[in-house]
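Asker: Fold the following for me, if possible:
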Amino acid sequence: MHFLASSFRSIALLFTTFLALVFATMVSAEQLTEKAPPPQTAQVVKDAPKSNPKDSKRLDPEKYKIYQNRFPDITLKELGDKMANGKVILIDANREDTYQKNHLPGAYSLPALIAEKKHLPDNKNTLVVVYCGGPQCSAWMKAADYAASQGFKNIRHLSAGIKGWTAQKLPVASGPA
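Answerer: Residues are numbered from 1 along each chain as shown. Next up, the predicted model:
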């Protein structure tokens, strides 16, 4: 009888160990297959952006939401009012050749800012408005990242872009940065 009880305990211990191993393996496998959460911060721009719609990829909705929450839209009217008061920094994220054809008056060219290591004004609380070609363009995200990397806190996005600006027959500038 003692032999039987000892064998039963051994079998119960082996079975419990087996179940624990199976459970641990299932949990590990489940953790390995879980998707990583989307990034909460944007990466700082490294290269000059491209805004040609033929070159740009479709916007990832999750990434767009993160950027949209971090850098909210500004309307053409709001921007016009801010520009009239002179209380805004504009960053054009289009390619340099596009910038030279037409850009918002007073706008900095992002490729020129990066290439020439130009410095933006010192007041980091100044409103910074970033834009590119229009609603389908994602180059503005690089401009927003750049402004944030320079310490600016109040960054907004003109989703209408240069196309929306010119469609309203608002004034534009041309020439190099």
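Asker: so Arg156 touches Ile74, yeah?
Answerer: Yes: in this structure, Arg156 is within contact of Ile74 by Cβ atoms under 8 Å, at 4.1 Å. Yep, even glycine has a C-beta here, placed from its N, CA and C like the rest.
Asker: Pull up the overlap in contacts between the two.
Answerer: Both Arg156 and Ile74 are contacted by Val129, under the criterion Cβ atoms under 8 Å, 6 or more residues apart in numbering.
Asker: any idea how far Pro111 is from Gln100?
Answerer: Distance, Pro111 to Gln100, using Cβ to Cβ, to the nearest Å: 11 Å.
Asker: Counting neighbours, go ahead and name the busier of those two.
Answerer: Pro111 (23 against 16; other Cβ atoms under 10 Å).
Asker: Let me know the helix or strand that the more buried one is in.
Answerer: Secondary-structure assignment from DSSP states H and E places Pro111 in helix 110-116.
Asker: what helices or strands is that helix leaning on?
Answerer: Helices and strands touching helix 110-116, as assessed by 3 or more Cβ pairs under 8 Å, 6 or more residues apart in numbering; DSSP states H and E, comprise strand 88-92, helix 96-101, helix 140-149.
Asker: Give me the contacts around the longest one.
Answerer: Which is helix 140-149. Taking Cβ under 8 Å, 6+ apart as the rule, helix 140-149 contacts 42-45, 49, 63, 67, 70-71, 89, 91-93, 110, 113-114, 120, 128, 130-132, 155, 157-159, 161.
Asker: Equivalent analysis for the shortest one, please.
Answerer: Applying Cβ under 8 Å, 6+ apart, the set of residues contacting strand 88-92 from outside is 79, 82-83, 99, 103-104, 106-110, 113, 120-121, 126-132, 143, 146-147, 152, 162.
Asker: switch to 7 Å and redo it
Answerer: The contact list for strand 88-92, computed with Cβ atoms under 7 Å, 6 or more residues apart in numbering, reads 82, 99, 103-104, 106-110, 120-121, 126-131, 143, 147.
Asker: Many thanks, I have nothing further to ask.
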